[in-house]
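S.K.: Using only what follows, build the 3D model:
(4 chains)
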There are 4 protein chains.
Amino acid sequence: MEEIGFLGLGIMGKAMSMNLLRHGFKVTVWNRTLSRCDDLVKHGATIGETPAAVIKKCKYTIAMLSDPAAALSVVFDQHGVLEQICSGKGYIDMSTVDAETSSKISEAIAAKGGHFLEAPVSGSKKPAEDGQLVILAAGEKALYEAALPAFDVLGKKSFFLGHVGNGAKMKLVVNMIMGSMMNAFSEGLMLADKSGLNPQTLLDVLDLGAIANPMFKMKGPSMIQSSYPPAFPLKHQQKDMRLALALGDENSVPMPVAAAANEAFKKARSMGLGDLDFSAVHETVKSSKGSS
Amino acid sequence: MEEIGFLGLGIMGKAMSMNLLRHGFKVTVWNRTLSRCDDLVKHGATIGETPAAVIKKCKYTIAMLSDPAAALSVVFDQHGVLEQICSGKGYIDMSTVDAETSSKISEAIAAKGGHFLEAPVSGSKKPAEDGQLVILAAGEKALYEAALPAFDVLGKKSFFLGHVGNGAKMKLVVNMIMGSMMNAFSEGLMLADKSGLNPQTLLDVLDLGAIANPMFKMKGPSMIQSSYPPAFPLKHQQKDMRLALALGDENSVPMPVAAAANEAFKKARSMGLGDLDFSAVHETVKSSKGSS
Amino acid sequence: MEEIGFLGLGIMGKAMSMNLLRHGFKVTVWNRTLSRCDDLVKHGATIGETPAAVIKKCKYTIAMLSDPAAALSVVFDQHGVLEQICSGKGYIDMSTVDAETSSKISEAIAAKGGHFLEAPVSGSKKPAEDGQLVILAAGEKALYEAALPAFDVLGKKSFFLGHVGNGAKMKLVVNMIMGSMMNAFSEGLMLADKSGLNPQTLLDVLDLGAIANPMFKMKGPSMIQSSYPPAFPLKHQQKDMRLALALGDENSVPMPVAAAANEAFKKARSMGLGDLDFSAVHETVKSSKGSS
Amino acid sequence: MEEIGFLGLGIMGKAMSMNLLRHGFKVTVWNRTLSRCDDLVKHGATIGETPAAVIKKCKYTIAMLSDPAAALSVVFDQHGVLEQICSGKGYIDMSTVDAETSSKISEAIAAKGGHFLEAPVSGSKKPAEDGQLVILAAGEKALYEAALPAFDVLGKKSFFLGHVGNGAKMKLVVNMIMGSMMNAFSEGLMLADKSGLNPQTLLDVLDLGAIANPMFKMKGPSMIQSSYPPAFPLKHQQKDMRLALALGDENSVPMPVAAAANEAFKKARSMGLGDLDFSAVHETVKSSKGSS
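M.R.: Numbers count the residues shown, from 1 in each chain, chains lettered A, B, ... in the order given. Just a heads-up that it's a prediction; the model follows:
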């Protein structure tokens, strides 16, 4: 992978392409707002005028876009990826999109003879900067192998999960477990508080035991303060719970705990908390007035 | 704390008293089956003939008994703790008992002028041997402070949680979170499996992310194999869920996720799995036959 | 059953003893506040000065008291039932009490050689006045048979359910189903409303179908108005859900829907709604603000 | 409404068109298998060769088809409804279809200048024969009013619910409540049984109280026998729960009891019970072996 294309320079994309440059990759970047490219050019990147121009120039192109609409637009619009993708060229979409969007892109690329990999990541800004993402790749195995040198720079670990769609599914499963855990944690914090125990002490005890994990450590102190600055918005967490439950429905997997957690997130949405962090589900277990 | 008494030499008690000896404490031990004392005598322990004899000899006595019945018997039976406890002597019960048992013992000790501390632990055999327990103490602060040199040897961390009962409550809160997490994990493993993902890969992905924790790592591989050797029996986990929910009921804390998890553990009990490890709740999300 | 004693002339007891008089029974009444007896005396009742005096005079005595404390007091206090109960006399407690209270009374009566029946009822003021109660009797079969002429006047139907405790259990099972149904109904009303359907039309549709029942018909219109005048207080309904779940726990019966309903009632309690009608659980499914 | 068309002579359609004939309507019928028309011809019906032929002949045509595929085929295929529908003609689809199917048909009819009403019914074979259906109509008000004489014959009550889609939504809300009630009932039957009460007596007690309803009366006895002959298949009930929960999700309505009930139906599906009656969810609360 000498020359690599990179589409999308948001918070994540910028950190990721900077990492590639730092590790000696030649990178051609494109962003809808071109001025976002300036910093990268200072570090040695070349600019591509359009997605099509980047694809034409590079054997492999990575995309990191904000949502399914942007992911589709970059591929299907005028001067988009489809105009230049062809046999021998690879397209790696690392955006988080739904299975349907991923399939649509995959099929269009394949119809042109190109190669496709979906590769959503686990981890946000900090891990992106530190090259500590976890990469959940699925699609063409050969392209995965060709992309490994780049993945090794971007993440601490990458997985190849089989056919297109499996990357998105794996993310759903992980986020479903995370959402249920968040509710269990929230209920525990409130139970401690109302039972006369110090919630901060509960955090300390948890952190020393078999269920100690970074999320409790990171979110606990602000939850005790009823502060929920949005890292992962509650409405997105609830959407992932819903999609995970739908996946379970298709496959006849009873998921009573996830279903209860999903309803708590829905309750939080009905309280107007959808744009706060998903830890704001903590508000649903609070008393409104004196109990009876 | 020069001379310290120790009542109960089961798996936990033996490892703990051995640790005290190794760190230079003089220890007088008693066990219902006296032959269990032999190994400790080899390492320098003295034998007390009865609980009363141990109390008489030592300023502080620790008890580590298997269940509430044993904890009560050692205190209230003939030649029991009550016969010798008096002003200036401290009794530290590190057994896991319910709040009612703890109160009964606490009141009886206080009525004789003695000092009492409940100090249940988090952690099982291995942490006991390694002096890596987490100690949840509650009762008389002065006794807690006097016991700190011993606690520093037995555990990696001890907490003083206020009045008697709070130690037991803290354990319930932690175990309630743990039980809900186990269900979330179990549902996720099954969802991965039925959706065509490799459950082992899910374990690997989880272990790299924000919800990585020792329990998933420890229990996951055997759950995938449908193997549930009892470390913490399911019926005990379910009992703790029930008690935590009762505590929430008293304090008007809605706990919908814990309630759903409790019902899954009850379902597992109704399937005859109560004596297996609590991870056997995994059986409740499996298909019995082809779905429809 | 010529002469019958009657202890307790609250709303229920007054209506019931009046019914007995109207149907030709001779009745000796007692009430803590004796002035409550006046109306009944006008209709032919005799006054007993104390519970003991009533028992002494009558072969059979019915009690209808407000709560377990009153039920115990009437039996165990000075001049109480126990002072005169003996072989050949029957005591029929129609109060709604917990299993423990019922057992305590049952055993004390039996120890004196007396005969005992617990006979809680389903139905409130109106059915009591109309002789349309449903009577859930348990205890001594012979006493049940002797009481049948009275039960035929008081209720539209009586059941003999076996040994003492079964009457209380049957009430719990019925109330548990009722509490879950109330939640299902509440969720449906809100879903209709938020989906652009007229909740009143939903009531009309429900009333014509396979799940039409008096409770939906009676409670629906006021729930739509957010009006919850207490007929059956929410905190009592929640207590019955809790006790029914505990009964299920003892017998390894998974009850996930009842558990979810119980948590909704707990949420309502945490919102300060415990003294309103149990239909006030409807408040838990409302939006607080604009959703997101 | 002198002349009325009728498409689809399955169990429901045959009973309904027979009712129309009996009440003096002139009816022109069509069925894919034309021999199904014979009985109706004996009672005075005329045969239409194709859906298009029926539409051409009649001012109003009712359709009662088995599923969405059949409902679409009759409208869009060759010789279908669309070929003859036009201004002044009305099409009333009484099949149970999803909102999307209903919209598709509605739009196609409107594009040709025709008038459309969706009118799914509540009630199965027996109510259809007895003219006791409940009709949930939505679409064009004028067409609803024109159809009232027919609806009065077919049902005991009809509702006009506003724009197309509302008929389907109302059915979902009703079925969601029904599914949750079925679970509450099932849990109660099992709780009675395991607690030493006679489940048949529970049925008798329920039938006398505030939650008495036809469904408990009809399904209870066979559930006690573990017999679930399919009247409304479990997989269809679960589908309706899923769709009702999705509707709640769209509108931010928390529905924890419906969610728990849905998971129980999913568990039943995973046990291979999807084709049995929806009361087969009762199997999910049974013990597999001795409990512990």
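S.K.: Around chain B, which positions in the stretch 51-200 of chain A sit nearby?
M.R.: A:122-123, A:134, A:136, A:156-157, A:159, A:161-162, A:166, A:169-170, A:173-174, A:176-178, A:180-181, A:183-185, A:187-188, A:190-192, A:194-198 (C-beta under 8 Å from any C-beta of the partner chain). Backbone N, C-alpha and C define where each C-beta goes, glycine included.
S.K.: how about A:Thr46, phi and psi?
M.R.: Listed backbone geometry of A:Thr46 is phi -100, psi 150, with angles given as degrees, to the nearest 10.
S.K.: so how many other residues sit close to it?
M.R.: 16 (other C-beta atoms under 10 Å in any protein chain shown).
S.K.: quick one, what contacts it?
M.R.: Neighbouring residues of A:Thr46 by C-beta atoms under 8 Å, 6 or more residues apart in numbering or on different chains: A:26-29.
S.K.: Could I get the full set of helices for the stretch 51-200 of chain A?
M.R.: Here the stretch 51-200 of chain A has its helices, by DSSP state H, counting those that start in this stretch, at A:51-57, A:68-76, A:99-111, A:125-130, A:141-154, A:166-194, A:199-206.
S.K.: Please, which helix or strand holds the residue of the stretch 101-250 of chain A found nearest chain C?
M.R.: Closest residue of the stretch 101-250 of chain A to chain C, C-beta to the nearest C-beta: A:Lys235 (5.9 Å). Taking DSSP states H and E as the criterion, the element that holds A:Lys235 is helix A:234-250.
S.K.: thinking again about what came up before, kindly compare burial across the helices of the stretch 51-200 of chain A and name the winner.
M.R.: helix A:166-194 (a mean of 26; mean count of other C-beta atoms under 10 Å in any protein chain shown).
S.K.: quick revisit: is the residue of the stretch 101-250 of chain A closest to chain C in contact with A:Lys266, as I believe?
M.R.: No - A:Lys235 is beyond contact range of A:Lys266, at 10.1 Å (criterion: C-beta atoms under 8 Å).
S.K.: any bit of the helix holding A:Lys235 sitting next to chain D?
M.R.: Yes - Helix A:234-250 comes into contact with chain D when judged by C-beta under 8 Å from any C-beta, the residues involved being A:242, A:248-249.
S.K.: Buried ones among the residues you listed?
M.R.: For the residues of helix A:234-250 next to chain D, burial is judged from neighbour counts taken by 16 or more other C-beta atoms under 10 Å in any protein chain shown, and it is met by A:242, A:248-249.
S.K.: what is the mean pLDDT for stretch A:52-65?
M.R.: For stretch A:52-65, mean pLDDT is 97.
S.K.: close enough to count as contact, A:Pro254 and D:Met271?
M.R.: No - assessed by C-beta under 8 Å, A:Pro254 is found out of contact with D:Met271, at 9.5 Å.
S.K.: about what we covered before: what's the least confident stretch among the helices of the stretch 51-200 of chain A?
M.R.: helix A:125-130 (a mean of 90).
S.K.: follow-up on the earlier one: and A:Pro254 and D:Met271? which has more neighbours close in?
M.R.: A:Pro254 (29 against 23).
S.K.: residues near the residue nearest to that one when sequence neighbours are not counted, how many?
M.R.: Taking C-beta to C-beta, 6 or more residues apart in numbering or on different chains as the measure, A:Pro254 lies nearest to D:Lys267, with 3.9 Å between them; neighbours along the chain are not counted. Other residues within reach of D:Lys267 by the criterion other C-beta under 10 Å amount to 27.
S.K.: And A:Lys217, by the same measure?
M.R.: A:Lys217, neighbours per other C-beta under 10 Å, totals 13.
S.K.: ditto for the one 10 residues further on
M.R.: In terms of burial, A:Ser227 registers 13 neighbours under the definition other C-beta under 10 Å.
S.K.: for the nearest residue to A:Leu273 once chain neighbours are set aside, what are its contacts?
M.R.: Using C-beta to C-beta, 6+ apart and skipping the chain neighbours, the partner closest in space to A:Leu273 is A:Ala280 (4.4 Å). Applying C-beta under 8 Å, 6+ apart, we find A:Ala280 in contact with A:228, A:234, A:268, A:273.
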